[in-house]
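Peer 1: What follows is a predicted protein model with its sequence.
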Amino acid sequence: MAISMTPAAADRVRSFLANRGKGLGLRLGLRTSGCSGMAYVIEFVDDLNDDDELYNIEGVNIIIDAKSFIYLQGIELDFVKEGLNEGFQFNNPNAKGECGCGESFTV
């Protein structure tokens, strides 16, 4: 499969969507930003765009636009808790490096 999600990430996304009360799924995308050039984007999706691909993973709809898919192919989305910190973690085999703060990456 082109992308994957851990059970912890799927549970968290399902919880967010349930609390929101609506939504088709979650968009994974990219934007130009940060020290290294690209940053991940996560946002709720209510309607699909013409260039979107929809994947159902662990019972969660993940939407990726064609432009971002090139850089996200093979990615695993995880949700981790470390002490008081928690958040989504992107395990991207296409990333060649990350900035020091971990907010952006390069391919």
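Peer 2: The structure has been received and is ready for your questions.

Peer 1: Going by C-alpha atoms from here, please, whenever you check contacts or count neighbours.
Peer 2: OK.

Peer 1: contacting residues for the residue nearest to the spatial centre of the chain?
Peer 2: Central residue of the chain (Cα atoms, centre = their mean): L28, 3.8 Å from the mean position. By Cα atoms under 8 Å, 6 or more residues apart in numbering, the residues touching L28 are 40-43, 62-64.

Peer 1: Return the member of those nearest to L17.
Peer 2: Nearest to L17 among the contacts of L28, counting by Cα to Cα, is E43 at 10.8 Å.

Peer 1: So the closest one is in contact with R27, correct?
Peer 2: Yes - E43 is in contact with R27 according to Cα atoms under 8 Å; the separation is 5.2 Å.

Peer 1: the more surrounded of those two?
Peer 2: Using other Cα atoms under 10 Å as the criterion, E43 and R27 rank with R27 on top: 21 against 11.

Peer 1: what secondary structure does that one sit in?
Peer 2: For R27, the assignment made with DSSP: H, G, I helix; E, B strand; the rest coil gives strand.

Peer 1: Look up the closest residue to it, ignoring the ones flanking it.
Peer 2: Excluding the flanking residues, the one nearest R27 by Cα to Cα, 6 or more residues apart in numbering is I63, at 4.6 Å.

Peer 1: D51: neighbouring residues, count only.
Peer 2: For D51, using other Cα under 10 Å, the count is 11.

Peer 1: Now that it has come up, it's in contact with I63, right?
Peer 2: No - look at D51 against I63 with Cα under 8 Å: they stay out of range, at 10.0 Å.
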